[in-house]
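**Student:** next input, structure requested:
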Amino acid sequence: MKTETDKKIHENESALIEMNKQLMKLEKVIQNMTEKRGNIFIEWLENQNKYLEWEENFDPSYLRAYKRSEIIFANFGFNVGAEYGGMHYGVVIKDSSKHNPNVNVVPLTSLEEGETEENLHRDRLFIGQITGLNKKNSVAIPDQMRPISKIRIVKPKKAYHQIFKLTNDQMDLLDERIRRMYTKLRPEEK
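**Tutor:** This is a model prediction of the structure:
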């Protein structure tokens, strides 16, 4: 006999009714979005469907372990408000074994046209170039630090994939910024 937790949505009439009601509301919301935002949302919906299909059989041990300071390229999703989303690079903040399904990252972006290190928002941190990644100057966004599922990682996935890393000096800058933003600890006396 199936328990309530074993039931599928299609086996629960009231859940089916609620699902259809919410899907109709969602359709109206999407239809009223700007074309650009609507297309981004539809693409996210497609990806979200894939993630939900993969999730049941996802085994993080088939992926590589991720080490602190390594750069990943991931889909941060379609988020609300000013939460960071979309396809972006991120830096791994804490080692994550092959068996951990999540990895903690700080998203990265590039300096915009005409933007300089001096006029960055105070919650952003100028990192500079990341060796081998590209010729652009990178910016860390530590106030958007978060765990992400390894399902979201596009690359690198396997041990043989090329790895890019922040230098020790770049990681020290990021560590210091995170420490100042999230703790009341004072810098160590030198």
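**Student:** could you pull out the strands for this protein?
**Tutor:** Applying DSSP state E to the chain gives strands spanning 71-75, 87-92, 102-110, 125-128, 138-140, 146-149, 153-155.
**Student:** not counting its neighbours along the chain, what's nearest residue 110?
**Tutor:** In space, and not counting its chain neighbours, residue 110 is closest to residue 136: 4.2 Å by CB to CB, 6 or more residues apart in numbering. Using the backbone N, CA and C atoms, a C-beta is placed for each residue, glycine as well.
**Student:** for the one you found, give me its contacts.
**Tutor:** Residues in contact with residue 136 (CB atoms under 8 Å, 6 or more residues apart in numbering) are 110-111, 129.
**Student:** for residue 177, which non-adjacent residue is closest in space?
**Tutor:** Per CB to CB, 6+ apart, closest to residue 177 is residue 125, 4.8 Å.
**Student:** grab the longest helix from the protein for me.
**Tutor:** In the chain, with assignment by DSSP state H, the single longest helix is helix 35-55.
**Student:** orientation of it relative to strand 87-92 in degrees?
**Tutor:** Relative orientation of helix 35-55 and strand 87-92, computed by axes from the mean of the first three to the mean of the last three CA atoms, to 10 degrees: 50 degrees.
**Student:** of the contacts of residue 136, select the buried ones using a PyMOL command.
**Tutor:** Only the buried members of those enter the following PyMOL selection, criterion being 16 or more other CB atoms under 10 Å:
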select buried, resi 111
